[in-house]
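J.: need a 3D model of the following:
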Amino acid sequence: MIFSSIYANNNLNHYPGAIRRAITYLMETDFSTMEDGVYEVDGRRMFAQLFTYTSKPAEACKPELHRKYLDVQFWLGGEELFGIAPSNGVGMCTEEIDERDLYFYDGVDNESFVHATKGCFAVFFPNDVHRPGVCIDGKALTYRKVVVKVSLDLL
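T.: Prediction:
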């Protein structure tokens, strides 16, 4: 996982090309004029999902993995906690949505939580179990987020 802020990254040269391209897309796009939905960046090889979400208690958010894409998640406004752990401690897969490259698990060992706020971004690789959408201090908060899906073929 990579975790940083758009505001702190003026030099993106240390990121691989596809990740740099996704972050540049996030920096240059005015999402305030866009509705929630899916937007192509490079066909199915790279696309953005824009949505508004309300956080939930951790037990209501399932840990997830992806096999064909990495996620570049970007917080446009609001805040959330997300869980993160290496995939070697993942529990049983309870739901597979192959067409969305989305695999949910019943639990994960050694999970840590990160507090993301406006301007933060996180890159989740296929070995990063992540649990997005967790409440902060037990309070459900509404926030807006973009997830750029980057095909592993681009790396």
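
J.: which residue ranges of this structure form helices?
T.: Assigned by DSSP state H, the helices in the chain fall at 17-28.

J.: find the centremost residue of this structure, please.
T.: In the chain, the centroid-proximal residue (Cα atoms, centre = their mean) is Gln73; its distance is 3.4 Å.

J.: and that residue, what does it touch?
T.: By Cβ atoms under 8 Å, 6 or more residues apart in numbering, the contact list for Gln73 reads 82, 116, 121-124, 132, 145-148. All C-beta spots, glycine's among them, are computed from the backbone N, C-alpha and C.

J.: let's see 7 Å
T.: 121-122, 124, 145, 147 (Cβ atoms under 7 Å, 6 or more residues apart in numbering).

J.: for those residues, pick the one with the most neighbours.
T.: Phe121 (25 neighbours; other Cβ atoms under 10 Å).

J.: what sits closest to that one if chain neighbours are left out?
T.: Phe74 (4.5 Å; Cβ to Cβ, 6 or more residues apart in numbering).

J.: strands of the protein, residue ranges please.
T.: 2-5, 37-42, 46-54, 64-65, 69-77, 79-86, 93-97, 102-105, 112-117, 120-124, 128-134, 142-151 (DSSP state E).

J.: and Gly17, which of the ones you listed is closest to it?
T.: Within those, the stretch nearest Gly17 is strand 142-151; the backing value is 10.2 Å (Cβ to Cβ).

J.: still on that earlier bit, farthest-apart pair in the contacts of Gln73, please.
T.: Those two in the contacts of Gln73 that are separated most widely, counting by Cβ to Cβ, are Phe124 and Lys145, at 12.8 Å.

J.: follow-up on the earlier one: from the contacts of Gln73, pick the one nearest Tyr53.
T.: Using Cβ to Cβ, the contacts of Gln73 come closest to Tyr53 at Lys145, 6.2 Å.

J.: the closest one and Thr54 touch, don't they?
T.: No. The criterion here is Cβ atoms under 7 Å, and Lys145 misses it with Thr54 at 11.4 Å.
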